[in-house]
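Colleague: My questions are about this predicted structure, shown below with the sequence.
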Amino acid sequence: MRGFVAFLVAAFLFGVGLVAWFYLARAGAGTSATTPTSIVGGGQSQSEHLPQPDNSTPSPIQFAWIQDSGIDFVHVSGTSSEKPFPSANGSGVAALDYDLDGLYDLYFATGTQFPLDEKRTSPINRMFRNGGGWRFTDVTALTGLGHNGYSAGLAVGDFDADGFPDVYVNCYGPDVLFHNCGDGTFEPLAAASGIGDPRWGTSAAFFDFDNDGLLDIYVCHYADWTPETNQFCGDRAKGVRVFCTPNTVSPVGDALLHNEGDGTFRDVTQETGVGVRSGRAQGVVAADVDRDGFMDLYVGNDLHPNSLFLGDGNGRFRDATELSGVAYDHLGRSQASMGVDAADVNRDGRIDLFVTNYEGEHNAFYENLGNGVFMDRSHSRGLATASIPWVGWGTAFADFDLDGWLDVIVTNGHTDDNLRDVGRDVTYAEPPLVWRNVNGRFEVLGRNVGPYFAKDHVGRALALVDLDNDGDHDVVIGHQDGAPALLRNERCDESRPNRASVTLRLVGTRSNRDAIGATIIVSADDLSLVWLIKGGASYLSANDLRLVLPASLPQPMTVEIHWPSGTVSRLDRLELRTRYTVVEP
């Protein structure tokens, strides 16, 4: 009897310990986007975690680093000895064809020093017009886009459906929506428009959540912080200050702004159901994740569960965060998340999710199992190990080598440049990484993807855009307190005919003009592949919305476009190396 009682007591204590471990793991095991805690121990340095290139064969994905483009923008984070919190997180990059000349231009956001000065003339956001041949001209003054607020996230969308892309700037301080006048200039909407939210903003996304043909805006907010409440974190004895952990600031809610169609927006956060969570939001992607014809939202949160809101078709969202499997990692822990993306990665017709995370955590790949259920398969798909030592930010799925499988790129960079002063064996600059998708499993490519990848950088923003209209995805990466990098996709072994592509630009009529929310199904032989036109994604940045279809798929291809309105278009006999504009019937 005594032995049986001892067994019951032991079993009870084991159960209590297991429950305690689970909740502690979920609540505190994830390191934050600003936590000064090392994950490199035992004398092992970060450099030992670098993926080693196979120099015997060229990398199947190659980028040239264009350093003579005419873009002389230099980002200003606003960091100082006081370590003001917003200056850790960077500012965005936007790709848009603002003058409709067929060449995509680039808009760069910047922060500034604290305290903020509303009358300053430098630094400001800057706009560069693409003149072709990888040459750009500063048109900031001509366009009127030289905003001098503390700018973080950028979103691009034609909110008034006049054919010209508009720009939303999410700030620490009042946000701004710049209306494209169609004559090469922009003007900010008046304060009465319902834009101007003064909270600390990060990413933003245009999308049409109620399918009324007009783009609405989802606005990510980080936390409640002011220079006056900025805490000291670091080593007081050594006089070394570092950025504080996110747990030192309270999260504030995001905002969903409904486009009223008259140049004004109405806050519908609470009535639509997306206001039930606050989580230090960093990245957002708007897409039809469950493919029911209604837009959904996936939000990457910093040391809070990542949020998944599924549209119900009646202008409301269902909170699927806890039951879906995309809120935590495979051990049930909240991670410190930044950039996000969504795509059908393994070609099963289901939309998978991806989020970048802080050092000591793996970038998380959530594979869609159907019926609203996802599983963290980062390790089994090859996306976890190489990401663990680094702080990941901007990211994107793209078929860089045009082989029919979506690859992944992530820009990395630490939050502090002085962590060695508090005894940490880490560097500020970190390696950008590319994973090549080989039949559904990813292989990290290492340093031999191109000259830019042979060096370390303090990366933050990342935007996809075909800057030279050659039918592949180029990349623009923004850096902390530095110039951006323009990376030209070289499409290794370009002479092969199956490295060609077809480019589609969609124009909505009944749907929103940018066709955000459209699902494209490409059929070739027994394959049926799914692409999306998404709002938001990456980190603080806005991508080129054109769709690039690889010619490596069996020919002929049949393309079905499922527009947000429910209309379906069918395209046959598309010619390779051709760009099409497809207008919704």
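Modeller: In hand now; what should we look at?
Colleague: Output stretch 509-527 as CSV, restricted to C-alpha atoms.
Modeller: The C-alpha coordinates for stretch 509-527 follow below in CSV (Å, rounded to 0.1, in the frame of the first residue of the first chain):
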residue,chain,number,x,y,z
THR,A,509,-12.7,45.9,-62.4
ARG,A,510,-15.4,44.4,-60.2
SER,A,511,-12.6,43.4,-57.8
ASN,A,512,-10.1,45.9,-56.3
ARG,A,513,-7.9,47.3,-59.1
ASP,A,514,-4.7,45.6,-57.8
ALA,A,515,-6.5,42.2,-57.7
ILE,A,516,-5.1,41.6,-54.2
GLY,A,517,-6.8,38.4,-53.1
ALA,A,518,-6.8,36.8,-56.5
THR,A,519,-5.8,33.1,-56.7
ILE,A,520,-4.1,31.9,-59.8
ILE,A,521,-4.2,28.1,-60.7
VAL,A,522,-1.7,26.9,-63.3
SER,A,523,-2.4,23.5,-64.9
ALA,A,524,0.3,21.7,-66.8
ASP,A,525,0.0,17.9,-67.5
ASP,A,526,-1.0,16.4,-64.1
LEU,A,527,0.2,19.4,-62.1
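Colleague: tell me the average confidence for that stretch?
Modeller: Stretch 509-527 shows a mean pLDDT of 94.
Colleague: Tell me, how many residues neighbour Trp134?
Modeller: 17 (other C-beta atoms under 10 Å). (Each C-beta comes from the backbone N, C-alpha and C, glycine too.)
Colleague: So what pairs up with Val169 in the strands?
Modeller: Leu154, Val176 (DSSP bridges).
Colleague: what residues are up against it?
Modeller: Val169 makes contacts with 109, 125, 147, 149, 151, 153-154, 175-178, as judged by C-beta atoms under 8 Å, 6 or more residues apart in numbering.
Colleague: mind checking the end-to-end distance for stretch 559-576?
Modeller: 13 Å (C-alpha to C-alpha, to the nearest Å).
Colleague: Tell me which residues of it come out buried.
Modeller: Neighbour-count burial for stretch 559-576 flags 559, 561-565, 569, 571, 574 (criterion: 16 or more other C-beta atoms under 10 Å).
Colleague: Let me know the closest of those to Asp474.
Modeller: Minimum distance to Asp474 across these is 21.9 Å, recorded for Leu574 (C-beta to C-beta).
Colleague: Quick check: the closest one touching Ser501?
Modeller: No. Judged on C-beta atoms under 8 Å, Leu574 makes no contact with Ser501 at a distance of 10.1 Å.
Colleague: Identify the contacts common to these two.
Modeller: With C-beta under 8 Å, 6+ apart, Leu574 and Ser501 have common neighbours Leu549.
Colleague: tell me the helices in this protein, going along the chain?
Modeller: 2-28, 140-143, 269-272, 321-324 (DSSP state H).
Colleague: Which of these comes out lowest on mean pLDDT?
Modeller: Mean pLDDT is lowest for helix 2-28 out of the helices of the chain, coming in at a mean of 40.
Colleague: before we move on, the earlier item: where strands are concerned, which of the buried residues of stretch 559-576 count?
Modeller: 559, 561-562, 569, 571 (DSSP state E).
Colleague: which two from those residues end up farthest apart in space?
Modeller: His562 and Leu571 (12.4 Å).
Colleague: Any idea how far apart the tips of stretch 521-536 sit?
Modeller: 21 Å.
Colleague: which parts of that stretch are buried?
Modeller: Buried residues in stretch 521-536 (16+ other C-beta under 10 Å): 521-524, 529-536.
Colleague: go on, stretch 88-106?
Modeller: 88-99, 103-106.
Colleague: Filter those residues down to just the ones in strands.
Modeller: Reading strands off these with DSSP E, I get 93-96, 105-106.
Colleague: And the strands in the stretch 301-450 of the chain?
Modeller: Ranges of strands in the stretch 301-450 of the chain, per DSSP state E, counting those that start in this stretch, are 307-311, 317-319, 337-343, 352-357, 364-370, 373-376, 392-398, 407-412, 433-438, 441-444.
Colleague: Just the residues contacting the last one, thanks.
Modeller: Contacts with strand 441-444, where a contact means C-beta under 8 Å, 6+ apart, come from 51, 381-383, 386, 407-408, 433-436.
Colleague: out of those residues, which one sits closest to Ser324?
Modeller: Ser324 lies nearest to Arg381 out of these, by C-beta to C-beta, at 18.1 Å.
Colleague: what sits against the closest one?
Modeller: Arg381 is in contact with 365, 367, 440-442, counting by C-beta under 8 Å, 6+ apart.
Colleague: re earlier: looking at the contacts of Val169, which gets the smallest pLDDT?
Modeller: Scoring the contacts of Val169 by pLDDT puts Gly149 last, at 94.
Colleague: Return the residues in contact with it.
Modeller: Taking C-beta under 8 Å, 6+ apart, we find Gly149 in contact with 116, 118, 169, 171-174, 176.
Colleague: With distance to Arg316 as extra columns, can I get those residues in a markdown table?
Modeller: Listed next are the contacts of Gly149 as a markdown table, based on distance: C-beta to C-beta, whole Å:
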| residue | distance to Arg316 |
| --- | --- |
| Leu116 | 37 |
| Glu118 | 38 |
| Val169 | 28 |
| Cys171 | 28 |
| Tyr172 | 30 |
| Gly173 | 30 |
| Pro174 | 28 |
| Val176 | 28 |
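Colleague: can you redo the contacts of strand 441-444 as JSON lines with distance to His221 and pLDDT?
Modeller: Formatted as JSON lines, those follow (distance: C-beta to C-beta, whole Å; pLDDT from 0 to 100):
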{"residue": "Pro51", "distance to His221": "35", "pLDDT": "56"}
{"residue": "Arg381", "distance to His221": "32", "pLDDT": "97"}
{"residue": "Gly382", "distance to His221": "34", "pLDDT": "96"}
{"residue": "Leu383", "distance to His221": "28", "pLDDT": "97"}
{"residue": "Ala386", "distance to His221": "31", "pLDDT": "96"}
{"residue": "Asp407", "distance to His221": "31", "pLDDT": "98"}
{"residue": "Val408", "distance to His221": "27", "pLDDT": "98"}
{"residue": "Leu433", "distance to His221": "29", "pLDDT": "98"}
{"residue": "Val434", "distance to His221": "31", "pLDDT": "98"}
{"residue": "Trp435", "distance to His221": "30", "pLDDT": "98"}
{"residue": "Arg436", "distance to His221": "35", "pLDDT": "97"}
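Colleague: Can I have the buried ones of the contacts of Gly149 as a ChimeraX selection?
Modeller: Per 16+ other C-beta under 10 Å, the buried members of these correspond to this ChimeraX selection:
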select :116,169,171,172,173,174,176
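Colleague: Low-confidence regions, the stretch 351-500 of the chain specifically.
Modeller: Counting by pLDDT under 70, the stretch 351-500 of the chain shows low-confidence ranges at 492-498.
Colleague: 80 instead, please
Modeller: 492-499 (pLDDT under 80).
Colleague: Serialize the contacts of Val169 to TSV and add fields for distance to Pro484.
Modeller: Below are those laid out as TSV (distance: C-beta to C-beta, whole Å):
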residue	distance to Pro484
Ala109	11
Asn125	13
His147	17
Gly149	19
Ser151	14
Gly153	16
Leu154	13
Asp175	22
Val176	21
Leu177	23
Phe178	20
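Colleague: With respect to Tyr218, which of these is nearest?
Modeller: Set against Tyr218, the nearest of those by C-beta to C-beta is Gly153 (10.6 Å).
Colleague: Distance of the closest one relative to Cys220?
Modeller: For Gly153, the distance to Cys220 equals 7 Å [C-beta to C-beta, to the nearest Å].
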